[in-house]
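K.L.:
here is my input, please return the structure:
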Amino acid sequence: MARLTAVCVVVVSGLHVAALPVVAQPASDAKPAQSAGATSTPPAATRMSLGECISFALKNNRRREVARDGIGIAESQITQARSAYWPELSLQAKAMHLDEDPNFIFPSSTIPVPASTIPVPSQRVTIPANAFAPGLPPANVPLNTPASTVNVPAQSFTIPKQTVKVMDRDNAVGTVNLMFPIYTGGLRSAKLAQAKAGLEAARQEARRADLEIVYDVKRAYYAAVLCGQLVEIAEDSLVRMAVTLELTERLYKTGSGRVKKTDYLRHHASVESLRSIASALKDKDRAARAGLVIAMGMPWDTPIDPSEKEIPFSPQDAAVDSLVDAAHRNNADLGRMKAALAAAGEEVKAAKSGHHPKAAILGSAGKILNSYDAGIVSPENRNFWSVGVGVEVSVFDGFRTRARVAEARMRQHKLEMEERLLRDRIALEVEQLASQARRCQEQEKSSREAMQSAIENRDLTIRAYQDELMETKDVIEAQLLAAFLIGQYRTVLYEGAESRSKLDFLLGDEARQGFERDE
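P.N.:
Reported below is the predicted structural model:
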């Protein structure tokens, strides 16, 4: 029974690993969005290889659609940032009906005129002949007037209040405005560089989504293979145990008496316990297959059967420092962090632009439609246009710009620290995975040899038991030990494949992940 407990531990351990991919992506009754050219679901009970599962997942998993939307958003933000380099032209039109005609009132006023003296100089005047009548005067008569003065007394003039109509109450105005920034203190270039960094971050996020999809599919696929192998091991062991149980019963009833009823009962309890374990393994196998189809982006109840029955094993010979360097160069999370750092540097430049002047070319043209021909809507005022240059200089803003620059720099420093922490975390994970790969490599050899010895011992023990040369507990122990070591060997293979898949994910190695991006 101690060996049976050990088998349960291995089985539960292997099933725990196999069940992990089930939560890789939430299940949904709705079918996922399909890419162009992708089929909805494979035929029922389809046998698929690992490469086929990865290819199908990259076409149907919803996380890839989300990542593509992120790239589209970033591209739109670049277009928005580039719009600052173009002139901005706007058209405005409005029509109004006022309650009455607008007017302007000149208030009454008094204009005082002071007293004054008007001098009249002397002058000579000639009256022409016949000026009054024929012969009157008969000839030109010269007249001389002496110099004199005219006195004008002080007086005042009162102007009454006047109401002047400005325009008709029905009025329509249309204007075209132009604004073209010619200098922004570096704000435009900083915003454009930020948008480009955002696009790079979105691409790294999409790349990470692809790598994660492939990793989840690999882990789920190998988990399904492992669960299938554990089910076969349990069923094979159950058949063997059932056969030896019949032999135990026969020896107990008709043998030499070396096999007792307690041996038969112990054997029978072991068989039933193994039968229960096999039933639990079948449930875990179904859960693992559901995890695989969900990771592929299909409904959870789609029947998929892995075509590969063995989990490949390949030694990991690369040095840890070279793996860490590769991860630091190609890791998608680090790539996204580098893009965020670039955007933070540009944010500092954008904040500093608040210290610089802004200049723009301004222009406008318009037309006024009004039935009145005087006031402010005279024919000369109905059509208008203007062109000018506007300059804005911030003299004092309450230290707001200085605080923005300080905030941007602190954000940049915070990202730099997070980038260092991320590099350290990735290095630690790579080192742990490389160590796990080396451990699996050592365990693979020893587990394989132990499995082969246990299988040979099981076969020899069963043959000896048939000749009543072995005790019942020995044949039970031999069969359970063989099942335990076979399951342990399969679990070691899974752990090695899972660690290599995780390492490929951290390294950002698309070639080893086995897919091509279809951007």
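K.L.:
contacting residues around stretch 489-499?
P.N.:
With CB atoms under 8 Å, 6 or more residues apart in numbering as the test, stretch 489-499 has contacts from 10, 13-14, 17-18, 218-219, 222-223, 225-226, 229-230, 233, 310-313, 433, 436-437, 440-441, 443-444, 447-448, 450-451. Where you see a C-beta, it was placed from the backbone N, CA and C, and this is true even at glycine.
K.L.:
let me fix that: stretch 151-159
P.N.:
For stretch 151-159, using CB under 8 Å, 6+ apart, the contacting residues are Phe106, Ser108, Ser109, Thr110, Ile111, Pro112, Val113, Pro114, Ala115, Ser116, Thr117, Ile118.
K.L.:
does the fourth one count as helix, strand or coil?
P.N.:
Reducing the assignment to helix, strand or coil with DSSP: H, G, I helix; E, B strand; the rest coil, the entry for Thr110 is strand.
K.L.:
same thing with the last one?
P.N.:
Reducing the assignment to helix, strand or coil with three-state DSSP, the entry for Ile118 is strand.
K.L.:
looks like it contacts Ser148 (just checking).
P.N.:
No: assessed by CB atoms under 8 Å, Ile118 is found out of contact with Ser148, at 9.7 Å.
K.L.:
that older thread, and the contacts of stretch 151-159, which two are the farthest apart?
P.N.:
Pairwise distances across those (CB to CB) peak at 32.8 Å, for the pair Phe106 and Thr117.
K.L.:
of those two, who's got more company?
P.N.:
Phe106 (11 against 8; other CB atoms under 10 Å).
K.L.:
where does the residue nearest to that one when sequence neighbours are not counted land on pLDDT?
P.N.:
Leaving aside its sequence neighbours, Phe106 sits nearest to Gln162 (CB to CB, 6 or more residues apart in numbering; 4.2 Å). At Gln162, the pLDDT value in this model is 87.
K.L.:
on that earlier part again, now, which of the contacts of stretch 151-159 sits nearest Lys59?
P.N.:
Distance to Lys59, by CB to CB, is smallest for Phe106 among the contacts of stretch 151-159, at 80.8 Å.
K.L.:
can you tell me how far the closest one is from Asn370?
P.N.:
Applying CB to CB, to the nearest Å, the value for Phe106 to Asn370 is 21 Å.
K.L.:
next one: Met179
P.N.:
Separation of Met179 from Asn370 (CB to CB) stands at 27 Å.
K.L.:
mind listing the helices for the stretch 301-450 of the chain?
P.N.:
All helices of the stretch 301-450 of the chain, identified by DSSP state H, counting those that start in this stretch, fall at 320-330, 332-352, 379-382, 400-466.
K.L.:
what is the last one packed up against?
P.N.:
Okay, so that is helix 400-466. If you count contacts as 3 or more CB pairs under 8 Å, 6 or more residues apart in numbering; DSSP states H and E, helix 400-466 packs onto helix 187-254, helix 320-330, helix 332-352, helix 472-507.
K.L.:
which residue is nearest the middle of the chain?
P.N.:
With distances taken as CA atoms, centre = their mean, the residue of the chain nearest its centroid is Gly70 (4.4 Å).
K.L.:
so what's that one up against?
P.N.:
Contact partners of Gly70, counting by CB under 8 Å, 6+ apart, are Ala202, Glu205, Ala206.
K.L.:
strands along the stretch 51-200 of the chain, start to end?
P.N.:
Under the criterion DSSP state E, counting those that start in this stretch, strands of the stretch 51-200 of the chain are mapped to 88-97, 103-106, 109-113, 116-120, 123-127, 141-145, 148-152, 155-159, 162-165, 170-183.
K.L.:
what's around the residue nearest to Glu88 when sequence neighbours are not counted, how many residues?
P.N.:
Spatial nearest neighbour of Glu88, chain neighbours left out: Met179 (4.7 Å); criterion: CB to CB, 6+ apart. Around Met179 there are 14 other residues, counting by other CB under 10 Å.
K.L.:
where in the chain is pLDDT low?
P.N.:
Per-residue confidence for the chain (pLDDT under 70) gives these ranges: 1-45, 255-256, 510-519.
K.L.:
list the contacts of the closest residue to Ile361 other than its chain neighbours.
P.N.:
With CB to CB, 6+ apart as the criterion, Ile361 has its nearest non-adjacent residue at 4.5 Å, and that residue is Phe180. By CB under 8 Å, 6+ apart, Phe180 lies in contact with Trp86, Pro87, Glu88, Ala360, Ile361.
K.L.:
same question, Cys440
P.N.:
Counted by CB under 8 Å, 6+ apart, Cys440 has contacts Phe313, Val492, Glu495, Gly496, Ser499.
K.L.:
try Pro137
P.N.:
Ile127, Ala129, Asn130, Ala131.
K.L.:
also Pro128?
P.N.:
Shown in contact with Pro128 (CB under 8 Å, 6+ apart): Asn140.
K.L.:
neighbours of Ala327, how many?
P.N.:
By other CB under 10 Å, 23 other residues sit near Ala327.
K.L.:
for Met167, same thing?
P.N.:
Residues near Met167, counting by other CB under 10 Å, number 21.
K.L.:
skipping adjacent residues, who's closest to it in space?
P.N.:
Of all residues not flanking Met167 in the chain, Val377 sits nearest, at 4.5 Å (CB to CB, 6+ apart).
K.L.:
could you check how far that neighbour is from Leu98?
P.N.:
Taking CB to CB, one finds Val377 at 13 Å from Leu98.
K.L.:
ok, Thr149 next?
P.N.:
Going from Thr149 to Leu98 by CB to CB gives 57 Å.
K.L.:
the more surrounded of those two?
P.N.:
Leu98 (11 against 8).
K.L.:
in contact with that one, which residues?
P.N.:
Contacts for Leu98 (CB under 8 Å, 6+ apart) come out as Arg169, Asp170, Asn171.
K.L.:
next one: it from Ala360, what distance?
P.N.:
Relative to Ala360, Leu98 is positioned 34 Å away (criterion: CB to CB).
K.L.:
equivalent analysis for Gly186, please.
P.N.:
15 Å.
K.L.:
how's this structure carved up into domains?
P.N.:
Under the assignment automatic domain parsing, the domains of the chain span 48-86+184-357+393-513, 88-102+169-183+358-392, 109-159.
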